[in-house]
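Peer 1: Below is the structure, and that's it, no one-letter string:
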């Protein structure tokens, strides 16, 4: 059985409530046992705590006595910025993704951020086994809720592109809940489809499904079939009626039929001519519209080039100012931005050249 499971250090962090900095060892073990988070690890709360205390980046340490366990987390602006970034995006992030965002928001270098940002110590962040991303401890897990809803409503698959809508509008998953099908063997993502897999304990539901299917088959077999003799008589009556009507043709009726056929032919011809003219008109309008869109795109690309060039001029002045202040770190940031802008400008120029050739 595979289910989303917290890492050992994350389990210990989940024990601490908001505002708590230290706890008695016995209280931690008691909360571990009561939480059910250690089920399946093959160890009790005391053994799990001892194992976490031996970790290099442990979130806890022994306090002023062996009976007291305290958090190792020390507040810093980087941790707060990382927390706000993950919270505002409401998406789990890898350490590299968080560091890249902090690199953009602050003047800290990459190596500084990676060295200082030890999220293993921050009780606001947790991880699941087999997933390198960082989640917020305040988020809940929706896997059980989604599975129960699918089984209760006979849902066996959901289109991957509509999973988000399905979770919010149909399954009623809370905004702060995470759905992690990749860590749960009750779900399987195959291409563009998410499959819900029935596991042990669902035998009654399977039996009910088989009974329902059998009932449908019985109903289909019980549908009355048409009597071949009656069908033959009906068809024969129809054919006889047609022949009796055709056996008494009149000359006036023949002439009238020919005139009606000629009128229908002329009407059909006029309709084809009208459709051809309408098609040519639409083709002309589409051509004009495509040209208008292309010109608008070219204009936007030229505006983007102009803004990049203006930014390059601004950066040249900023480099001089930072050089006078001996702020080499800021100069390094500007040089990276300049290189990126040059690459973007080159790409835009290539796109413009391609559109002009067309």
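Peer 2: On my side now, so go ahead. None of these values were measured; they are calculated from a predicted model.
Peer 1: Which residues belonging to stretch 55-62 are considered buried?
Peer 2: Going by neighbour count (16 or more other C-beta atoms under 10 Å), the buried part of stretch 55-62 is 58, 59, 60. For every residue, glycine as well, the C-beta is placed using N, CA and C.
Peer 1: Between those residues, which sits nearest residue 330?
Peer 2: Among those, residue 59 lies closest to residue 330 (C-beta to C-beta), at 34.5 Å.
Peer 1: What does the pLDDT read for that closest one?
Peer 2: pLDDT for residue 59: 96.
Peer 1: Pretty sure it sits against residue 69.
Peer 2: No. Taking contacts as C-beta atoms under 8 Å, residue 59 lies outside contact range of residue 69: 10.0 Å.
Peer 1: how close does residue 136 sit to residue 125?
Peer 2: Distance from residue 136 to residue 125, counting by C-beta to C-beta, to the nearest Å: 7 Å.
Peer 1: In contact with residue 66, which residues?
Peer 2: residue 25 (C-beta atoms under 8 Å, 6 or more residues apart in numbering).
Peer 1: how about it, phi and psi?
Peer 2: With angles defined as degrees, to the nearest 10, residue 66 sits at phi -60, psi -20.
Peer 1: One more: residue 61?
Peer 2: Torsion angles, degrees, to the nearest 10, at residue 61: phi -150, psi 170.
Peer 1: follow-up on the earlier one: now, the buried residues of stretch 55-62 that are in strands?
Peer 2: residue 60 (DSSP state E).
Peer 1: and which of the buried residues of stretch 55-62 is nearest to residue 297?
Peer 2: Nearest to residue 297 among the buried residues of stretch 55-62 is residue 59, at 51.8 Å by C-beta to C-beta.
Peer 1: tell me, how many neighbours does residue 53 end up with?
Peer 2: Per other C-beta atoms under 10 Å, the neighbour tally for residue 53 reads 15.
Peer 1: So it sits against residue 63, correct?
Peer 2: No. Taking contacts as C-beta under 8 Å, residue 53 lies outside contact range of residue 63: 11.3 Å.
Peer 1: list the residues that contact both of these two?
Peer 2: Common contacts of residue 53 and residue 63 (C-beta under 8 Å, 6+ apart): residue 69.
Peer 1: Compare residue 136 and residue 125 and say which one has the larger neighbour count.
Peer 2: Taking neighbours as other C-beta under 10 Å, residue 136 and residue 125 compare with residue 125 leading, 26 against 15.
Peer 1: So the more buried one versus residue 31, what's the distance?
Peer 2: Distance from residue 125 to residue 31, by C-beta to C-beta: 19 Å.
Peer 1: Residue 153 too?
Peer 2: 36 Å.
Peer 1: Kindly report the same for residue 89.
Peer 2: On the measure of C-beta to C-beta, residue 89 and residue 31 end up 30 Å apart.
Peer 1: neighbour-wise, which of the two wins?
Peer 2: Neighbours were counted for residue 89 and for residue 31 using other C-beta under 10 Å; residue 31 has more, 17 against 11.
Peer 1: What's the local residue count around the residue nearest to the more buried one when sequence neighbours are not counted?
Peer 2: Excluding its sequence neighbours, the residue lying closest to residue 31 (C-beta to C-beta, 6 or more residues apart in numbering) is residue 15, at 4.6 Å. Neighbour count of residue 15, defined by other C-beta under 10 Å: 22.
Peer 1: which ones are touching residue 15?
Peer 2: By C-beta under 8 Å, 6+ apart, the residues touching residue 15 are 23, 28, 31, 32, 35.
Peer 1: does the first one sit in a helix or strand, and which one?
Peer 2: In other words, residue 23. strand 22-24 (DSSP states H and E).
Peer 1: cool, and the second one?
Peer 2: Of the helices and strands defined by DSSP H and E, residue 28 is found in helix 25-35.
Peer 1: residues touching residue 199, list them.
Peer 2: Per C-beta under 8 Å, 6+ apart, neighbours of residue 199: 1, 185, 186.
Peer 1: now the helices for this protein?
Peer 2: In the chain, helices defined by DSSP state H lie at 8-15, 25-35, 45-53, 77-89, 95-105, 110-116, 143-152, 163-165, 203-221, 228-246, 251-324, 328-357, listed in chain order.
Peer 1: Of these, which shows the lowest average pLDDT?
Peer 2: Looking at the helices of the chain, the bottom one is helix 228-246 with a mean of 36.
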